[in-house]
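Colleague: I'd like to go over a predicted model; first the sequence, then the structure.
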Protein chains: 2
Amino acid sequence: MDETSNLSRIDEIVAVHVAELFRALGDASRIQIISALIDNEINVGELAKIAGISESAASHQLRNLRQMRLVKSRKKGREVYYSIDDDHITDLIQRAIDHVAHE
Amino acid sequence: MDETSNLSRIDEIVAVHVAELFRALGDASRIQIISALIDNEINVGELAKIAGISESAASHQLRNLRQMRLVKSRKKGREVYYSIDDDHITDLIQRAIDHVAHE
DNA sequence: CAAACACCTGAATACATGTTCATATATGCA
DNA sequence: TGCATATATGAACATGTATTCAGGTGTTTG
């Protein structure tokens, strides 16, 4: 009805997905994990140390990130190595770090 | 002590700030609000309609965004017009939209 | 095989977050 | 001045989320 403006309103469904993506990045532990994984393949135990959380908590977080297809895992013996699955995310995080850094 | 790898571990404080930034963008209503504000100045009532939430809820969300310095407000008569305060965010959101879009 | 190790999982818990509701403030208008 | 409009606010409530805890699976090693 009200047809006053043709703004850059994005579709609600797109908004939901964008918000989901940002929410997946909205936790300090996950940011530490992902940024450590940039250009590196690291197992769960070491990721837990890096993020300063228990291995169980790390495992839960990694499941989230896997389900969001941000990281992928590879089993090697009894260890599981994680790496970045989505290179666009590297870029997003890098920009956010830069943004936070000089200000 | 353990000095095995010189990875790109970011500082925990930086991680917290980056996570806060992403969390501020981790809600569909806020994404709709911010994306509508790109290149536009819009008042609370209209933003509420755009995001499909009540004016009260919009006001709460806008306070969040103001506190995060992502948007700024300007009072004009009895209406309050909001606009983007941080142009870097436009870029982040645009990238996230692109990323979500083609996939 | 048994024990140690690395990781995963579900339930429980504590805390964060978004919305609603009632109310307050502030501006414009008759 | 009195009333409608636009926005802000705090409390209450419901829902979401991160961690811990207690186990469970699969793998290596002695």
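Modeller: Cool, the structure landed.
Colleague: Next one: residue A:84 from residue A:78, what distance?
Modeller: Separation of residue A:84 from residue A:78 (Cβ to Cβ, to the nearest Å) stands at 23 Å. For glycine as for every other residue, the C-beta is placed from the backbone atoms N, C-alpha and C.
Colleague: whoops, residue A:97 was the one
Modeller: 33 Å.
Colleague: Residue A:84 and residue A:78: which is more packed in?
Modeller: Set side by side, residue A:84 and residue A:78 show more neighbours around residue A:84, with 20 against 6, by other Cβ atoms under 10 Å in any protein chain shown.
Colleague: Quick check: bridge partners of that one?
Modeller: residue A:71 (DSSP bridges).
Colleague: my guess is it meets residue A:38, correct?
Modeller: Yes - Residue A:84 is in contact with residue A:38 according to Cβ atoms under 8 Å; the separation is 6.3 Å.
Colleague: shared neighbours of those two, anything?
Modeller: Residues touching both residue A:84 and residue A:38 (Cβ atoms under 8 Å, 6 or more residues apart in numbering or on different chains) are residue A:90.
Colleague: For chain A, which residue occupies the most central location?
Modeller: For chain A, the residue sitting closest to the mean C-alpha position, by Cα atoms, centre = their mean, is residue A:25 at 4.5 Å.
Colleague: Close to DNA strand C: what parts of chain A are there?
Modeller: A:43-45, A:55-56, A:58-60, A:62-63, A:73, A:78-80 (Cβ under 7 Å from any atom of the strand).
Colleague: Out of these, which two sit at the greatest distance?
Modeller: A:60 and A:78 (19.2 Å; Cβ to Cβ).
Colleague: residue contacts, the nearest residue to residue A:86 once chain neighbours are set aside?
Modeller: Leaving aside its chain neighbours, residue A:86 sits nearest to residue A:70 (5.2 Å; criterion: Cβ to Cβ, 6 or more residues apart in numbering or on different chains). Going by Cβ under 8 Å, 6+ apart, residue A:70 touches A:24, A:34, A:84, A:85, A:86, A:89.
Colleague: burial measure for the fifth one, as a count.
Modeller: The reference is to residue A:86. 18.
Colleague: Over to residue A:98?
Modeller: 12.
Colleague: tell me what the strand or helix carrying it is packed against?
Modeller: Secondary structure assignment for residue A:98, by DSSP states H and E: helix A:87-101. The contact analysis (3 or more Cβ pairs under 8 Å, 6 or more residues apart in numbering or on different chains; DSSP states H and E) places helix A:87-101 against helix A:28-37, helix B:12-24, helix B:87-101.
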